[in-house]
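In: Quick one, fold the following:
(chains A and B, ligands or ions: 1)
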Amino acid sequence: MNDMTPTREQRTAALEGMGCKRKRVEDIRFTQGKGNYVDDVKLPGMLHGDFVRSPHAHARVKAIHSEEALKVPGVLAVITAETLKTVNLAWMPTLAGDVQMVLADGKVLFQNQEVAFVVATDRYAADDGIAKVEVEYEPLPVLVDPFKAMDPDAPVLREDLAGKTTGAHGPRKHHNHIFEWTVGDKDLTDAAFRKADVTIKELISYHRVHPSPLETCQCVCSFDKIRGELTIWGTFQAPHVIRTVVALIAKIPEHKIHVISPDIGGGFGNKVGAYPGYICAAVASIVTGKPVKWVEDRIENLTATSFARDYHMTAELAATKEGKVTGLRVHVLADHGAFDACADPSKWPAGFFNIVTGSYDIPVAHLAVDGIYTNKAPGGVAYRCSFRVTEAAYCIERAMDILAQKLNMDPAELRLKNFVRPEQFPYHSALGWEYDSGDYATAMKKVMETVKYAGLRQEQADKRAAFKRGETREIMGVGVSFFTEIVGAGPSKNCDILGIAMFDSCEIRLHPTGAGIARVGSKSQGQGHETTWAQIIATEIGIPADNIMVEEGNTDTAPYGLGTYGSRSTPVAGAAIAMAARKIKAKAQMIAAYKLEVHEDDLEWDIDGFRVKGLPEKTMSMKDICWAAYNSVPPGMEPGLEAVSYYDPPNMTYPFGAYICVMDIDVDTGVYKVRRFMALDDCGTRINPMIIEGQVHGGLTEAFAIAMGQEIRYDDAGNVVTGSFMDFFMPTAVETPHWETDFTVTPSPHHPIGAKGVGESPNVGGVPAFSNAVNDAFSFLGSTHIQMPHDYWRNWKAAKSLGVFA
Amino acid sequence: MIPGSFSYHRPATVSDAVKLLADLGDEARPLAGGHSLVPMMKLRLASPEHLVDLGRIEGLKGIRRLSNALEIGAMTTQHDLLGSDEIARSIPILHEAALLIADPQVRYMGTVGGNVANGDPGNDLPALMMTLGASYTLTRSSGSRTVAARDFYQGAYFTALEPGELLTAVTVPIPPSGHGYAYEKLKRKIGDYATAAAAVVLTMKAGVVESCAIGLTNLAETALLADAAARAVIGSKLEAATLKTAAAAAEAIMTPAADARGPVEYRKHVGGIMVTRALARAAARAT
Ligand SMILES: Cc1cc2nc3c(=O)[nH]c(=O)nc-3n(C[C@H](O)[C@H](O)[C@H](O)COP(=O)(O)OP(=O)(O)OC[C@H]3O[C@@H](n4cnc5c(N)ncnc54)[C@H](O)[C@@H]3O)c2cc1C
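Out: Next up, the predicted model:
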């Protein structure tokens, strides 16, 4: 070897594979304004559509007059439900087994519901047209409060369901009832509660919020009449699913539908479902023969496309007086708004909410979820979390704190006492999941040491004493949260969307010079797939990440995938990538053996190529193998070097983490200050630590927003009162706390590279950490639970109700 | 969020501008920084047929020192207030308050004239101008008049501005040297209007308040001058009981609306706290 030969470390580093803090390749275009988003799509002759929306939350639509609108220069068409009925598209199926109006059919059920679609030569003309469409409404009684939805005399919202006593998920109890979903053993759970030394019961609400990506939902539909082909550029988190939905409902053959998700400016669950805008733009394009663009504005996004949460959870815990939890009982009232448009796997009407036993070894549990209709926007999507997992984590983490308070025990100590222990994995939870791996106590203790937990509790005790003496008006809270996520939906045995199993896919094609392209069924919305997918391939097959181009989002070129949400990309698509790479590696090994004139079994893998066992000088690099694959493959072998893999995961993955938040609150104004936030995440094998850190920062910022102020609030008449960024709390860098992060690594035993997914963990674990901090701050004044969001005025209200101004 | 159509005019001088406003009548609106007007147009809450853009009128920009006042041209931006040594030296409360208006992007575009002429109770500068005893120069084709800030505001979006009139300058008397000042603004985030805010300008002599003015932002249909609260502290040493009386007197005139910032009771309560805190901070600064 001469001096120029790179060392093994240098060869490894040159790959920029797994574990490398590789800079995000997509940022080169994003930071220079060179991204290509849906609104950048401008086609010759393109028309623009926009909606007439309902000012009422519940009203009968008596008539729609479009004559004046059609006189506005530039306005070409006004599409109503009557128009859509001619092509059988006035209603569309939802992912949750319900149906939803595309345009108001006889009545409106929520404020800003789509009533008519005005198509014009430009956006200004479309909106001038909207101003001239006259709709006659007859207001109906409005149902806003979910707790009144099943009153005997509650207004009937869904007249289309009259007489239907069963829905997609079983019997309906009431005209505003959608489903009841139960899991667990009721009798055993009831028995545990009868025997318990201590029990707690609390209504824990997780208010309605919205994923609010910076780029709103939008599409361009272009129908080619000659070819009979429909091309749709859209902000789709799951482009293949959209293609299938369109094929099913528009009756266009699936191969004649081209769905393209270009760069996406954030999704967070908002861009999984199908919206009236897509249908109307497609119909308008088919009718006019011209491309039609639909772009939602901010108010429309916040008030009409999918919300998240709105779960009202009554949680009960049973425990021994020593603090061992012996049972959990939860009832959820799930407010779905006007249509059940949740984006959950088909068989899971409440998503994976049955992860609600959390990180604790709870022997018995019972869960019942009642889904109901109200006069609010439809949705219920997984906003930066796996399906309903953040609601579940919030529920159990608040309940554990409330139990600790009742037992007069430290909340961290109570958690340590009840954690599932490392030797119990794979762990079967009382509500039916099989947790793959975890070491909870180690993670919890590590965070506690970092923040000097005992010292914080001492300081808090001192401050409380000072408060009681009247020396300060500031109270201090320490929020502890420990979460277990369930991500990577999912195994075909229990997960599908519209009947399609929730696998994911990858196709890798290597070129003669040692570079290649990977096409994947997932779809990045900012997560950095172009960077991390190449890193997996780099480590697996020894081609530098820089030489791998990653392409997603074009249904004509990418293999069928179920898309990106629910932290499923790394667990499912990431596995498919590794498996496709391994197929390539297997073929590469045969080629190398042939060229090196040895038996395949005499070769071993060495960073970026094969070497002959015991003869380290005799090697063949992957780069050379690529060349050979195109000119001198072994006799009988097909030339080329490519592979496809469809990965059906054997199980979900279960990332976890321990978060601690330290907060100070001024009781006079309710103003809070996050003094410290420490987040430890265990997502198994870490592909790119820098991207993980970025994902954690982003998720924590959203969690902060949700817990501390963000909400979609309705007044009694069903008007949204938080429909813009002035009132819908979107923190800027100024409000955002400083984040400290840490990690442990417990690989997933069933995943090809041991990775678990991380994008959503911080949202799941962060919300309870903030809320527990606020609740902990007030607890010494006698409160057990204060509902989110914890914005200034509500903190003041809590302080007032606890008598601090007396 | 797409405005209706309008025609656009860009006069080069004040006389051209007021002539345009007179000729075009009711359907014309002056456009300054556009950061209140354009959002309203996008929601179609305002649909003027004509916009008269003041942006090219050089004579309306800049801060001029008069003998005992500063004259601020209407088109001086909120950001310009932050960059001015004259403001920092003579009327530092305007510097402190300008930093609390919206965010840097808004302040680069938003003007002092637009902020005071707009008539939105959420704007910060009206209460400041009332507290400082400023006056506005209003110009129309037939001449100019001066109106005190304290007489200018009549209701939400209703002011003493007559159709065809332009607010061309704001004249702010320079408070005595050694005065204490503070602007306390409670808001939910950067870029938010006040949940409640209070401006205090006072002078002290031997620990006793000699003169005092208190202004309130976003606590009623218009900015308010809290006269009774100011009278309560004059002659006092700002003892705890006096501060309490002053806060109560200020709260008594507050009539905020309930909104996403909080219910009426909360907004009045924190309004009182802003007054107390501004008084304490102003007093600590007075020499
Ligand atoms: C996100 C956001 C947050 C904000 N937060 C705050 C805040 O915290 N505090 C605050 O004070 N303001 C805030 N503002 C408003 C901002 O300060 C505006 O710039 C200001 O209210 C209006 O000034 P402008 O120059 O933009 O006027 P424009 O929007 O152009 O005009 C406003 C109104 O005044 C009239 N007008 C303007 N100039 C004149 C003139 N010379 N003579 C007669 N009439 C005139 C216009 O016709 C119009 O009716 C915020 C704005 C935004 C968009």
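In: how near is B:M254 to chain A?
Out: 15 Å (C-beta to the nearest C-beta, to the nearest Å). Yep, even glycine has a C-beta here, placed from its N, CA and C like the rest.
In: ugh, wrong one, B:T203
Out: When B:T203 is compared with chain A (using C-beta to the nearest C-beta), they lie 28 Å apart.
In: Tell me where chain B has helices.
Out: Taking DSSP state H as the test, the helices found in chain B are B:14-24, B:37-42, B:78-83, B:85-90, B:92-98, B:104-109, B:112-117, B:125-132, B:149-152, B:227-233, B:240-253, B:264-285.
In: mean confidence score for stretch B:86-98?
Out: Averaged across stretch B:86-98, pLDDT comes to 98.
In: Now for the residue of the stretch 551-700 of chain A found nearest the ligand: which residues touch it?
Out: Closest contact between the stretch 551-700 of chain A and the ligand, by C-beta to the nearest ligand atom, is at A:V671 (16.8 Å). Shown in contact with A:V671 (C-beta atoms under 8 Å, 6 or more residues apart in numbering or on different chains): A:I665, A:Y792, A:N795, B:L186.
In: so the second one sits right up against B:K189, yeah?
Out: Pointing back at A:Y792 there. No - counting by C-beta atoms under 8 Å, A:Y792 stays clear of B:K189, with 10.5 Å between them.
In: Who has more neighbours out of the two?
Out: Per other C-beta atoms under 10 Å in any protein chain shown, whichever of A:Y792 and B:K189 has more neighbours is A:Y792, with 23 against 16.
In: what's the neighbour count on the closest residue to the more buried one other than its chain neighbours?
Out: Spatially, and ignoring its direct neighbours in sequence, A:Y792 is nearest to A:G670 (3.9 Å; C-beta to C-beta, 6 or more residues apart in numbering or on different chains). Close neighbours of A:G670, defined as other C-beta under 10 Å, add up to 24.
In: Check the one 4 residues further on too.
Out: By the other C-beta under 10 Å criterion, the neighbourhood of A:V674 contains 20 residues.
In: just checking, which of the contacts of A:V671 belong to helices?
Out: Using DSSP H, these in helices are A:Y792, A:N795.
In: Turn the contacts of A:V671 into CSV, columns for distance to the ligand.
Out: CSV is the format used below for the contacts of A:V671 (distance: C-beta to the nearest ligand atom, whole Å):
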residue, distance to the ligand
A:I665, 24
A:Y792, 16
A:N795, 22
B:L186, 11
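In: Which of the contacts of A:V671 are buried? Put it as a PyMOL command.
Out: Buried members of the contacts of A:V671, defined by 16 or more other C-beta atoms under 10 Å in any protein chain shown, are picked up in PyMOL with:
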select buried, (chain A and resi 665+792+795) or (chain B and resi 186)
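In: Check the contacts of A:V671 and tell me the two furthest apart.
Out: A:I665 and B:L186 (14.1 Å; C-beta to C-beta).
In: Show me where the stretch 101-250 of chain B has its strands.
Out: B:135-140, B:143-148, B:153-155, B:158-159, B:166-173, B:180-186, B:196-205, B:208-217, B:224-225 (DSSP state E, counting those that start in this stretch).
In: JSON lines please, covering those strands and showing mean pLDDT.
Out: Below are the strands of the stretch 101-250 of chain B laid out as JSON lines (pLDDT from 0 to 100):
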{"stretch": "strand B:135-140", "mean pLDDT": "98"}
{"stretch": "strand B:143-148", "mean pLDDT": "97"}
{"stretch": "strand B:153-155", "mean pLDDT": "97"}
{"stretch": "strand B:158-159", "mean pLDDT": "98"}
{"stretch": "strand B:166-173", "mean pLDDT": "98"}
{"stretch": "strand B:180-186", "mean pLDDT": "98"}
{"stretch": "strand B:196-205", "mean pLDDT": "98"}
{"stretch": "strand B:208-217", "mean pLDDT": "98"}
{"stretch": "strand B:224-225", "mean pLDDT": "98"}
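In: Contact residues of the stretch 1-150 of chain B facing chain A?
Out: B:M1, B:I2, B:P3, B:G4, B:S5, B:R44, B:D103 (C-beta under 8 Å from any C-beta of the partner chain).
In: neighbours around the closest residue to chain B within the stretch 451-600 of chain A, how many?
Out: Of all residues in the stretch 451-600 of chain A, A:R473 sits closest to chain B, at 10.2 Å by C-beta to the nearest C-beta. Using other C-beta under 10 Å, the number of residues around A:R473 comes to 13.
In: who's in contact with the residue positioned nearest the centre of chain B?
Out: Nearest to the geometric centre of chain B sits B:L125, at 1.7 Å (C-alpha atoms, centre = their mean). By C-beta under 8 Å, 6+ apart, the contact set of B:L125 is B:A97, B:I101, B:V112, B:N115, B:V116.
In: Filtering these by proximity to the ligand, which remain?
Out: By C-beta under 6 Å from any ligand atom, the members of the contacts of B:L125 lying near the ligand are B:I101, B:N115.
In: and which of the contacts of B:L125 is nearest B:V14?
Out: B:V112 (15.8 Å).
In: what separates the closest one from A:I537, distance-wise?
Out: Going from B:V112 to A:I537 by C-beta to C-beta, to the nearest Å gives 58 Å.
In: And A:Q405, by the same measure?
Out: A:Q405 is 50 Å from A:I537, where distance means C-beta to C-beta.
In: okay, those two: which has more neighbours?
Out: Using other C-beta under 10 Å, the more surrounded residue of A:Q405 and A:I537 is A:I537, with 29 against 19.
In: Where does that one sit: helix, strand or coil?
Out: helix (DSSP: H, G, I helix; E, B strand; the rest coil).
In: which ones are touching it?
Out: A:I508, A:G516, A:A518, A:I543, A:A545, A:I548, A:I577, A:A581.
In: mind listing which of the residues you listed are in strands?
Out: Using DSSP state E, the members of the contacts of A:I537 that fall in strands are A:I508, A:G516, A:A518, A:I548.
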